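Peer 1: My questions concern the predicted model and sequence given below.
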Amino acid sequence: DTEVTQTPKHLVMGMTNKKSLKCEQHMGHRAMYWYKQKAKKPPELMFVYSYEKLSINESVPSRFSPECPNSSLLNLHLHALQPEDSALYLCASSQNTGLNTGELFFGEGSRLTVL
Amino acid sequence: GENVEQHPSTLSVQEGDSAVIKCTYSDSASNYFPWYKQELGKGPQLIIDIRSNVGEKKDQRIAVTLNKTAKHFSLHITETQPEDSAVYFCAAIKSTGGYNKLIFGAGTRLAVHP
């Protein structure tokens, strides 16, 4: 069982909706990540939080807005999305952003469909 | 910057056979190489990793080898079973702006036929 929990597992939204994806981990990890994965493609990094501060934004459009309320929680707020934003959104965590000091744990993902 | 190439894109084997997936990387400074298995409808799960100070690592039926000179690393699965069927991703670390991030290969879809 994954120790990174994501909700909801599935989300369908219209282009004018506002929704949020949620992620939680209780492993004491201080780095948390959002990845986007399209079908038959590898995960693509979107955001990295380190010690609750945004460290990396991979030039993600502003219609995706991340938030890290505390060291265990990570949210991704969605607004005015486009159909091409439909994908599997994966949350991940690691001890820190060094990565070479420990593994990256992924959640099961939230499958988003934008109509 | 780091680039990771992975081959083959699909691999079909009979149960009990071995499977080998190969990756090459471009940044000689990369020092950590994990392999992830992604089953249908699930997130990627780390199955084995290797650091640049070792040449080989084994965990039961899976092993990874690393050739730093040639900048390539491989995943070996022996005595394959149907439950090994999944997409496998290799990755390498890229350092950027003081942070490390994983660069993934394109993935290999492994099918193990009973």
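Peer 2: Good, I have the coordinates.
Peer 1: What's the separation between residue B:32 and residue A:114?
Peer 2: To residue A:114, residue B:32 is 35 Å away according to C-beta to C-beta, to the nearest Å. The way it works is simple: take the backbone N, C-alpha and C, and place the C-beta from them, glycine included.
Peer 1: Quickly run through the sheet partners of the lowest-mean-pLDDT helix or strand in chain B, with directions.
Peer 2: Sorted by mean pLDDT, DSSP states H and E, the helices and strands of chain B end with strand B:99-104, the least confident at a mean of 85. Paired neighbours of strand B:99-104 in the sheet (DSSP bridges): strand B:86-96 (antiparallel).
Peer 1: Return the residues in contact with residue A:70.
Peer 2: With C-beta atoms under 8 Å, 6 or more residues apart in numbering or on different chains as the criterion, the residues that contact residue A:70 are residue A:52.
Peer 1: Now for the residue lying closest to residue A:27 once chain neighbours are set aside, how many residues are close by?
Peer 2: Nearest non-adjacent residue to residue A:27, counting by C-beta to C-beta, 6 or more residues apart in numbering or on different chains: residue A:3, 5.5 Å away. Other residues within reach of residue A:3, judged by other C-beta atoms under 10 Å in any protein chain shown, total 12.
Peer 1: Repeat that for the one 4 residues further on.
Peer 2: By the other C-beta under 10 Å criterion, the neighbourhood of residue A:7 contains 13 residues.
Peer 1: Double-check that residue A:84 belongs to a helix.
Peer 2: Yes - under DSSP: H, G, I helix; E, B strand; the rest coil, residue A:84 sits within a helix.
Peer 1: what's around it, how many residues?
Peer 2: Residues within reach of residue A:84, counting by other C-beta under 10 Å, total 8.
Peer 1: And for residue A:71?
Peer 2: Using other C-beta under 10 Å, residue A:71 has 17 neighbouring residues.
Peer 1: Pull the contacting residues for it.
Peer 2: Counted by C-beta under 8 Å, 6+ apart, residue A:71 has contacts A:28-30, A:51-52.
Peer 1: and the residue nearest to residue A:27, what is it in contact with?
Peer 2: The neighbours of residue A:3, taking C-beta under 8 Å, 6+ apart as the test, are A:25-27, A:105.
Peer 1: Dump those to TSV, plus secondary structure, neighbour count and pLDDT.
Peer 2: Below are the contacts of residue A:3 laid out as TSV (DSSP: H, G, I helix; E, B strand; the rest coil; neighbours: other C-beta atoms under 10 Å in any protein chain shown; pLDDT from 0 to 100):
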residue	secondary structure	neighbour count	pLDDT
A:25	strand	22	96
A:26	coil	11	90
A:27	coil	13	91
A:105	strand	22	91
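Peer 1: Which one of the residues you listed is nearest to chain B?
Peer 2: Distance to chain B across the contacts of residue A:3 (C-beta to the nearest C-beta) is lowest for residue A:105, with 7.6 Å.
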